[in-house]
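Asker: how would this look folded up:
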Amino acid sequence: MLSGRIPGQQGGPVAGRAAAVPLWRRVWPLRRPALSSAVAALALAGSGVLILRLVQRQTGTTGLLVGSGLALLPLPFVLGSLAWLNRTARVPVRHLLFCLAWGACAATTVAILANGWASDFLVAHRGARGETLGAEFATPLIEEVAKGSALLVLLLPLRRHRCRAGRPCGRRCRLLRHRPGTGGPAHFRPAPAGRRRARSSPRTLTAGMVLGGVTACGFAFTENALYLGRAFTADRQARLDAIGLGETPSLRDFDGTVHTFVLRALLSPFAHPLFTALTGLGLALTLTTARRWLARSGAPLGLLLAMGLHGVWNAAAGLGTDGFLLVYGLVMVPCFAALVCFAVWARTRRTRQPTAPGAGPELRGRPGGKWISLSRGPHVESCSPTRGGAAR
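Answerer: Next up, the predicted model:
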C-alpha cells in the first residue's frame, strides 16, 4: 500500500492505517495466484472435455483421431515462427500456455455453440441469405471476440479502484478517463518543452501479437481437426458405399480430405494467427501509448480490422476457385507480408536499441525505460506518474 501525496493530486498524506480488508476480498480467487491458476485450469479442462465431445459427435472417433493428427502437422511451423518473434517480446511461457489452451478449448467451445445459435436464428429469419450473413458477419464477430478475450484476461489489470485523493488509480482509468486541465489527477501532463513523446517499444507491440497468434494457433488446431475429421468421415462413408456397389476403391476416394488439408493446413495456416494478431496489436497500443486518442481507439480498431479481414476470408470461400485465389493473392498475402515485415523490423530495432542506465531486465531495449512491459504491466496495481507522464 502506498501513502503520501501523488504528484498532480490534491490532499495530504493518508493518515492512519487503511481499513481492514474484508474477508471476501481476501478469499477472492483473483487475489490469490494459486487459486486463480487452479480456477483457470479447471475451467479450461472442463471446456476441453466439452469441445472434445462436440467434435467427436460430428466426426466420429476415427474422424476425430485422423483430423487431430492432420491438424497437428502445420502447428509446429506456426508456433516456431511465434517463438522466434517471442525472443523480442519475451512473453512468459505460462501466458503462452494459457493462450494456447484458451484458443483450443474455451474459444472453440464458445464459437461452436454461438455460431450454431446465430446460424439457426439468421436462417429462420432471413432464409438462404441468413447463412451468408452468418458466415460473413456473425462468425467473424463471435470468433474474434472469443479469441480476444484471452488477451483481455492477461493484459488488462484485474484490480481496479476509484480515483480518490491520496490514492493512485488503475492503469486503465489513467489511460481512458483522465484528462489534463480537468482538476483530476494529472497522469497525462504535457511533456516538457523540447521533449518528444516516447513511442510504444517494439517489445510491447510484439508481445500483443505473440499472445494473439498463440491463441489463434490453438483455435485453428481445433477448427482444423473438426473440418478434417468431417471430410474424412464423409470420404470414408462414400468409399464404403462405392465398395458396396461393386466399384474398385482408390486413393481418389479421399479427395475431400486432401482438398481440405491443402486449403486449411498448407495455404492458410497463418490465417487465424494473422486475424488475432491484429487484435493483440491494437490492445498493446491501448495499454502502452502515451496518446489518449490512440489509447482509446487502438483496441477497438484492432478488433474491427481482425473481424473485417476474417469476414473477407470467409466470403472468399463462396466466390469459387478464381475468386478465392484473387482474394488470397490481393488481400491475404499482402497482409501477411506486412505482418512479417513488422516482425523483422521489431527484432532489428530491439537488437539496436541501447540499454538505459540502471534499467532492469524488464526495461531493457526501451529508451529511458518508460514503458511497462506487457508481461508485467497487467499486474501493476498502482503507479506514481513521473516527468512526461510515464509510469514507474
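Asker: Which helix in this structure has the most residues?
Answerer: helix 202-244 (DSSP state H).
Asker: What average pLDDT does that helix get?
Answerer: For helix 202-244, mean pLDDT rounds to 88.
Asker: helix or strand right after it?
Answerer: Sequence order places helix 255-261 as the next helix or strand after helix 202-244, per DSSP states H and E.
Asker: Can you spell out which helices and strands pack onto that next one?
Answerer: Here helix 255-261 touches helix 33-72, helix 202-244, going by 3 or more CB pairs under 8 Å, 6 or more residues apart in numbering; DSSP states H and E. In this view, the C-beta of every residue, glycine as well, is placed from N, C-alpha and C.
Asker: Identify whichever of those helices lies nearest to Leu133.
Answerer: helix 202-244 (20.1 Å; CB to CB).
Asker: and the angle from the closest one to helix 33-72?
Answerer: Note on geometry: by axes from the mean of the first three to the mean of the last three CA atoms, to 10 degrees, helix 202-244 and helix 33-72 are set 50 degrees apart in direction.
Asker: Buried ones in stretch 96-104, by neighbour count?
Answerer: For stretch 96-104, a neighbour-count test (16 or more other CB atoms under 10 Å) marks 96, 98-104 as buried.
Asker: my bad, stretch 324-332
Answerer: Neighbour-count burial for stretch 324-332, counted by 16+ other CB under 10 Å, picks out 324, 327, 332.
Asker: Then stretch 115-127?
Answerer: For stretch 115-127, by 16+ other CB under 10 Å, it's 115, 118-119, 122.
Asker: Closest to Pro74 out of the residues you listed?
Answerer: Out of the buried residues of stretch 115-127, the member with the shortest distance to Pro74 (by CB to CB) is Asn115, at 22.7 Å.
Asker: in what helix or strand does the closest residue to Ala40 other than its chain neighbours lie?
Answerer: Closest residue in space to Ala40, ignoring its immediate chain neighbours: Phe98 at 6.8 Å, by CB to CB, 6 or more residues apart in numbering. Phe98 is part of helix 93-101, with elements assigned from DSSP H and E.
Asker: Let me know the angle separating that helix from helix 202-244.
Answerer: Relative orientation of helix 93-101 versus helix 202-244 (the same axes, to 10 degrees): 30 degrees.
Asker: For helix 93-101, output the C-alpha coordinates as PDB.
Answerer: Taking Å, rounded to 0.1, in the frame of the first residue of the first chain, the C-alpha atoms of helix 93-101 are listed here in PDB:
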ATOM      1  CA  VAL A  93       5.700 -19.400 -21.000                       C
ATOM      2  CA  ARG A  94       2.800 -19.700 -18.600                       C
ATOM      3  CA  HIS A  95       0.900 -16.900 -20.500                       C
ATOM      4  CA  LEU A  96       1.600 -18.700 -23.800                       C
ATOM      5  CA  LEU A  97       0.300 -22.000 -22.500                       C
ATOM      6  CA  PHE A  98      -2.800 -20.200 -21.200                       C
ATOM      7  CA  CYS A  99      -3.500 -18.600 -24.500                       C
ATOM      8  CA  LEU A 100      -2.900 -21.900 -26.400                       C
ATOM      9  CA  ALA A 101      -5.300 -23.800 -24.100                       C
END
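Asker: Give me the helices and strands touching it, please.
Answerer: Using 3+ CB pairs under 8 Å, 6+ apart: helix 93-101 touches helix 33-72, helix 139-155, helix 202-244.
Asker: could those helices go into CSV alongside mean neighbour count?
Answerer: Below are the helices and strands packed on helix 93-101 laid out as CSV (neighbours: other CB atoms under 10 Å):
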stretch, mean neighbour count
helix 33-72, 16
helix 139-155, 22
helix 202-244, 23
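Asker: Pipe those into CSV and attach distance to Trp84 per row.
Answerer: Putting the helices and strands packed on helix 93-101 into CSV (distance: least, CB to CB, whole Å) gives the following:
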stretch, distance to Trp84
helix 33-72, 20
helix 139-155, 20
helix 202-244, 10
